[in-house]
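Peer 1: Build me a model:
(2 chains)
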Amino acid sequence: MDSSHAAPAAAHAPGGGHATVQTYIRVAVVLGLLTAIEIGALYVPGIPSRALVALLLVFSVLKFGLVVAFFMHLRYDNKLLTVLFVGPLIIAMAIILAIMALFGAYILLARG
Amino acid sequence: MAAEHAAVAHDPNIGCTGLDHRKMGMWAFLGSECMFFGSLIGTYLAYKGKSINGPGPHEILNIPLTSLSAFVLLMSSLLMVLALAAVQRNDMKWGKIWLFTTALFGAGFVGFQIFEFTHFVHLGLTLQTNLFGSTFFVLTGFHGAHVTGGVIWLLSLWVLALRGRLGPQDSLKVEICGLYWHFVDIVWIAIFTLIYLIP
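Peer 2: Numbering: from 1, shown residues only, chains lettered A, B, ... in the order given. I've put the predicted structure just below:
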């Protein structure tokens, strides 16, 4: 792809703007690296189970946030859209925790 | 300037918030999808390790293969934003290429999933085998159905572009499809970590 055709960080709709192609590529590289570290960590002997779970969860949240902020443009878009998405996302996490609490809250850390 | 304001004011797609209601509608839909997948993920985690017979996840999940398919889906998100950027700058040649390759990567992911499901059935894991089978197939199956829907949507946009009926004036259509596509990607980020990577 011709990099001279990089998209400007221009608004294209009321309340919206986008990152540049270079930013998209940088984000994709970071996402790839985070995924590689996640998978690599599984094969490193001696990492305590809880530390591994914590690392995997943190990296997963980072990847989630990068995609939402840059690829879905929430970082540049109207805050109302962030509210529309993050509100239900919090409810979804509450649903997960509630179901787990109802059926046994520590299953996540159990092997099986 | 006044004419611009008048144009925006008379655009039936722009609501009182100043935002395009199609885009707001998609974000509201994605919010509801968060709760849908949250319920399925919660159910999987609640039943994790409670199957009274095998096979269990540690006996059957293929981490290297799924890592490859997760990487393919992750990179399809990059291709999607490249498609949007190309359409916005009226570079329809690259717009068509990126739209098609995004669909191709998505189809590749679905292909991996079909292979995985078939392999699991041959190993004796079905929807009825145990709690793991039920929750795993329902969760990943619904996600796969969403990806399949996204591939069909992307191919529809690609066909429109091939026929010359998609241009920079339609970039919102591509952006909304992209929002859906990135959403199925972030759902997989969660599923991949919670089901495949966490021991």
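
Peer 1: What ranges in chain B fall below the confidence cut-off?
Peer 2: Within chain B, the ranges that satisfy pLDDT under 70 run B:1-10.

Peer 1: for chain A, same thing?
Peer 2: Ranges of chain A meeting pLDDT under 70: A:1-17, A:105-112.

Peer 1: can we see that at 50?
Peer 2: Chain A contains residues with pLDDT under 50 at A:1-15, A:107, A:111-112.

Peer 1: just the helices in it please.
Peer 2: Remark: helices assigned in chain A by DSSP state H are A:21-42, A:49-66, A:79-103.

Peer 1: Secondary structure element holding the spatially closest residue to residue A:84 that is not a sequence neighbour?
Peer 2: Computed as Cβ to Cβ, 6 or more residues apart in numbering or on different chains, the closest residue to residue A:84 that is not its neighbour in sequence is residue B:27, at 4.4 Å. C-beta coordinates here come from the backbone N, C-alpha and C atoms, glycine included. Of the helices and strands defined by DSSP states H and E, residue B:27 is found in helix B:21-47.

Peer 1: Pull up the gap between the residue sitting nearest the centre point of chain A and residue A:56, please.
Peer 2: Geometric centre of chain A, nearest residue: residue A:64, 0.9 Å, by Cα atoms, centre = their mean. Using Cβ to Cβ, to the nearest Å, residue A:64 is found at 12 Å from residue A:56.

Peer 1: where along chain B do the helices fall?
Peer 2: B:2-10, B:21-47, B:57-60, B:63-88, B:92-122, B:131-162, B:171-191.

Peer 1: could those go into a markdown table alongside distance to residue A:34 and mean neighbour count?
Peer 2: A markdown table is the format used below for these (distance: least, Cβ to Cβ, whole Å; neighbours: other Cβ atoms under 10 Å in any protein chain shown):
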| stretch | distance to residue A:34 | mean neighbour count |
| --- | --- | --- |
| helix B:2-10 | 39 | 9 |
| helix B:21-47 | 20 | 19 |
| helix B:57-60 | 23 | 15 |
| helix B:63-88 | 9 | 22 |
| helix B:92-122 | 18 | 18 |
| helix B:131-162 | 20 | 19 |
| helix B:171-191 | 10 | 23 |
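
Peer 1: Of all those, which one comes closest to residue A:38?
Peer 2: Smallest distance to residue A:38 across the helices of chain B (Cβ to Cβ): 8.6 Å, for helix B:63-88.

Peer 1: Let me see the contact set for residue B:169.
Peer 2: For residue B:169, the contact set (Cβ atoms under 8 Å, 6 or more residues apart in numbering or on different chains) is empty.

Peer 1: Over to residue B:177?
Peer 2: Taking Cβ under 8 Å, 6+ apart as the test, what residue B:177 contacts is B:80, B:150, B:153-154, B:157.

Peer 1: Next: residue B:180.
Peer 2: The contact partners of residue B:180, by Cβ under 8 Å, 6+ apart, come to B:26, B:30, B:150, B:153.

Peer 1: same check, this time on residue B:115
Peer 2: Per Cβ under 8 Å, 6+ apart, neighbours of residue B:115: residue B:65.

Peer 1: how near is it to residue B:167?
Peer 2: Separation of residue B:115 from residue B:167 (Cβ to Cβ) stands at 38 Å.

Peer 1: Skipping its backbone neighbours, what lies nearest residue B:61 in space?
Peer 2: Nearest residue to residue B:61, sequence neighbours excluded (Cβ to Cβ, 6+ apart): residue B:196, at 5.7 Å.

Peer 1: so the one you found sits right up against residue B:63, yeah?
Peer 2: Yes. Using Cβ atoms under 8 Å, residue B:196 is in contact with residue B:63, at 5.9 Å.

Peer 1: Using JSON lines, lay out the helices of chain B together with distance to residue A:103.
Peer 2: Output for those, formatted as JSON lines (distance: least, Cβ to Cβ, whole Å):
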{"stretch": "helix B:2-10", "distance to residue A:103": "51"}
{"stretch": "helix B:21-47", "distance to residue A:103": "4"}
{"stretch": "helix B:57-60", "distance to residue A:103": "17"}
{"stretch": "helix B:63-88", "distance to residue A:103": "25"}
{"stretch": "helix B:92-122", "distance to residue A:103": "24"}
{"stretch": "helix B:131-162", "distance to residue A:103": "11"}
{"stretch": "helix B:171-191", "distance to residue A:103": "19"}
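
Peer 1: Specify the stretch among the ones you listed that is closest to residue A:24.
Peer 2: Across the helices of chain B, closest to residue A:24 is helix B:63-88 (Cβ to Cβ), at 4.6 Å.

Peer 1: Just name whatever secondary elements that closest one is in contact with.
Peer 2: Here helix B:63-88 touches helix A:21-42, helix B:92-122, helix B:171-191, going by 3 or more Cβ pairs under 8 Å, 6 or more residues apart in numbering or on different chains; DSSP states H and E.
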